[in-house]
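**Student:** With the input below, show me the fold.
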Amino acid sequence: MPQEIQKDPITDAKKKSHKGLMKLVREGPIYTTHDQVPWEEEGRGELQRVFRNGKLLKRYTLQEIRNRVREFNDTRPPIEYPSGRSAS
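**Tutor:** Take a look at the predicted model:
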């Protein structure tokens, strides 16, 4: 069963997080988070359960992780800063 989450630390209001059930959607190289989605929609996003109650459900090899990072870095748009400089 999906678990609703929220983080709202009293020590730093800037650290408040998304609320409720979340769905991560990928459109090309861009990921967008939608919060407070219905139960049925939560499971249709990019997030995958890897652990449940301390038990490993999905094992990834180091090569799979490296491939995913490489794909992300190759397809993401450059970061643009207000000063006009960009980071790759």
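**Student:** Please give me every residue in contact with the residue nearest the centre of the chain.
**Tutor:** For the chain, Leu24 is the residue whose C-alpha lies nearest the centre (Cα atoms, centre = their mean; 5.8 Å). Residues near Leu24 by Cβ atoms under 8 Å, 6 or more residues apart in numbering: 31-34, 45-47. Every C-beta, even on glycine, is put in place using the N, C-alpha and C of the backbone.
**Student:** What is the neighbour count of the residue nearest to Gly28 when sequence neighbours are not counted?
**Tutor:** Spatial nearest neighbour of Gly28, excluding adjacent residues (Cβ to Cβ, 6 or more residues apart in numbering): Thr75 at 7.2 Å. By other Cβ atoms under 10 Å, 10 other residues sit near Thr75.
**Student:** pLDDT at Thr75, what is it?
**Tutor:** Note for Thr75: predicted pLDDT of 76.
**Student:** before we move on, the earlier item: quick check, nearest of the contacts of Leu24 to Arg70?
**Tutor:** Among these, Tyr31 lies closest to Arg70 (Cβ to Cβ), at 16.2 Å.
**Student:** Mind naming the longest helix for the protein?
**Tutor:** helix 62-75 (DSSP state H).
**Student:** Parallel or antiparallel, which strands does the helix or strand where the residue nearest to the centre of the chain lies pair with?
**Tutor:** According to DSSP states H and E, Leu24 maps onto strand 22-27. Taking DSSP bridges as the criterion, strand 22-27 forms sheet pairs with strand 30-35 (antiparallel).
**Student:** Off-centre distance for the strand it pairs with?
**Tutor:** On the basis of Cα atoms, centre = their mean, to the nearest Å, strand 30-35 sits 7 Å off its chain's mean C-alpha point.
**Student:** could you give the angle of that strand to helix 62-75?
**Tutor:** Strand 30-35 runs at 100 degrees relative to helix 62-75, counting by axes from the mean of the first three to the mean of the last three Cα atoms, to 10 degrees.
**Student:** Any chance you could list what contacts strand 30-35?
**Tutor:** 18-25, 45-46, 77.
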